[in-house]
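Novice: Got a predicted structure here, sequence first:
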Amino acid sequence: MNPYLAAIDQGTTSTRCLIFDRQGREIARAQREHRQFYPRPGWVEHDPLEILAQTQAVVAGALERAGLGPSQLAAVGIANQRETVVLWERETGRPVHNAIVWQDTRTAELCGRLAGEFGQDRFRARTGLPIATYFSGPKLGWLLDHVEGARARAERGELLCGTIDTWLIWNLSGGPRGGVHITDPSNASRTLLMDLARLEWDAGLLEAMAIPRPLLPEIHASSEVYGVCAGSLSGVPLAGDLGDQQAALFGQGCFAPGEAKNTYGTGCFMLLNTGREPVVSRQGLLTTVAYRLGSEPPVYALEGSVAVTGALVQWLRDNLGLIDSAAEVETLAATVADNGGIYIVPAFSGLFAPYWRGDARGAIVGLTRYVNKGHFARAALEAAAYQTREILDAMRDETGQALAELKVDGGMVANDLLMGFQADLLGMPVVRPAIAETTALGAAYAAGLAVGFWRDVDELRGLWRRDRVWSPTMAPATRECLYADWKKAVTRTFDWVE
């Protein structure tokens, strides 16, 4: 067995490739950002060919830094931004439009029509999801209706579609020359098109959104050998496919019901393993597939999705110029003792869980002459913690389970100020793992299990180690007072878009 695994982590703002050894230790990495396109307010797009080129570049870069060739890789796994959709030509591999990103809200009118008199939960029993602009099925419907000739070409079988995992797997395995057109249940469960119990595309849902079935990839397990790579990874098995948040859950070793993780990235995503049976939410959470290993039954999760956390820090940097780099936000926030009474609710594209309010838009409340840029930085960090508290409260109400601790990962967990405030606001320990790259690690784990690199999840559990724990120090009365003001601030964002 070759001694290393590669994991491609294709995210919202960048693509990375990491090489891991049998102990789950990172050997090398390479990373490249890609452009963000905002053609209209609320619209967000990526160039699929740029993402593919960056993927190929980081794979080559990681191998070079590790001093390895593809023949020394046992397999490659992929984790990806989930609800972002690509539509491309079967014969050429050329996209017919930019990818529509998960944050995009252009499908609001279509989602309104789908909900109609039945309401936002019309499809929840089958999909585990509310009807919202977040999900990829309506985005695909928009492409078919707005790209000239796309619907007719799709019905003739000339086009293929998929989320980013599908796009990359198809290209890495040969593209127009025999590429494998597949996805896994963790990604398919984010489309509003898959039956959550049967793990199959649902004919009624396809009809409701006018999606031709031949467009869609086949749904395979999250951990199995789909094919082999061509090009720079020639001969390496493609063997793992997980949506990025499910990959982080897997990489954190949350294999038992009741275990949860929270990822702080562009957005913020908390997942709670609920075991072999899906739990239908009454609290605005998403019921999703966590993973499926080979022929085993699937494992499900409840998810709380927050659209904007790290992206708010980027906004302070790129739009307001308050900081020159994201890392500077902690230094600036530390210049003040508290938020100065202001709250930033970053509903840039509406509010996701637990509200699902597409009519909401961002708000800054509590402004006085006392407030300075340090308070802005602190309020931006605290917004991530408040939104996480809302999700955790909903999960506790939903399941009756009280977590003993919260495992955390993602780029923002390097921020000690944020993690300390998060522990205070939750009233429980917050735990950062020794291996911080849990999304890439989860993709590597899935691929490794498929090819026998690791024996089972018990072996993977033994690889998990903690790095740091933040314990709460805030008085409960203070915690609840701050949280009540946050909840009041959230209501100020409602009903902004008619």
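Specialist: In hand now; what should we look at? Note that the structure is predicted; figures quoted are calculated from it, not measured. Numbers count the residues shown, from 1 in each chain.

Novice: what bits of this protein have low per-residue confidence?
Specialist: 1 (pLDDT under 70).

Novice: Please parse it into its domains.
Specialist: 4-245, 253-433+465-497 (the TED database).

Novice: possible to save the ones you listed as TSV with distance to Ala447 and mean neighbour count?
Specialist: All C-beta spots, glycine's among them, are computed from the backbone N, C-alpha and C. Shown next, in TSV, are those (distance: least, C-beta to C-beta, whole Å; neighbours: other C-beta atoms under 10 Å):
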stretch	distance to Ala447	mean neighbour count
domain 4-245	3	21
domain 253-433+465-497	11	19
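
Novice: Same list as before, those domains that is, but in a markdown table and with distance to Glu459 included.
Specialist: What follows is the domains of the chain, written out as a markdown table (distance: least, C-beta to C-beta, whole Å):
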| stretch | distance to Glu459 |
| --- | --- |
| domain 4-245 | 10 |
| domain 253-433+465-497 | 11 |
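
Novice: measure Ala62 to Gln54 for me?
Specialist: 12 Å (C-beta to C-beta, to the nearest Å).

Novice: Now do the helices in the stretch 1-150 of the chain.
Specialist: Ranges of helices in the stretch 1-150 of the chain, per DSSP state H, counting those that start in this stretch, are 48-66, 108-115, 124-127, 136-146, 150-155.

Novice: Can you redo those helices as JSON lines, where the extra columns are distance to Gly253?
Specialist: Conversion of those to JSON lines gives the following (distance: least, C-beta to C-beta, whole Å):
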{"stretch": "helix 48-66", "distance to Gly253": "24"}
{"stretch": "helix 108-115", "distance to Gly253": "36"}
{"stretch": "helix 124-127", "distance to Gly253": "28"}
{"stretch": "helix 136-146", "distance to Gly253": "28"}
{"stretch": "helix 150-155", "distance to Gly253": "41"}
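
Novice: who wins for proximity to Ala99 among those helices?
Specialist: Across the helices of the stretch 1-150 of the chain, Ala99 has its closest neighbour in helix 48-66 (4.9 Å, C-beta to C-beta).

Novice: which strands and helices sit next to the closest one?
Specialist: When contacts are defined as 3 or more C-beta pairs under 8 Å, 6 or more residues apart in numbering; DSSP states H and E, helix 48-66 packs onto strand 4-10, strand 14-20, strand 26-33, helix 164-172.

Novice: So which of those is nearest Lys261?
Specialist: Across those, Lys261 has its closest neighbour in strand 4-10 (15.5 Å, C-beta to C-beta).

Novice: quick check: angle from the closest one to strand 14-20?
Specialist: Orientation check (axes from the mean of the first three to the mean of the last three C-alpha atoms, to 10 degrees): strand 4-10 against strand 14-20 gives 170 degrees.

Novice: How is Met270 assigned, secondary-structure-wise?
Specialist: Under DSSP: H, G, I helix; E, B strand; the rest coil, Met270 falls in the strand class.

Novice: Tell me who's in contact with it.
Specialist: Counting by C-beta atoms under 8 Å, 6 or more residues apart in numbering, Met270 touches 260-263, 303-304, 388, 391-392, 395, 406.

Novice: what about 6 Å?
Specialist: The contact partners of Met270, taken as C-beta atoms under 6 Å, 6 or more residues apart in numbering, are 262, 304, 391.
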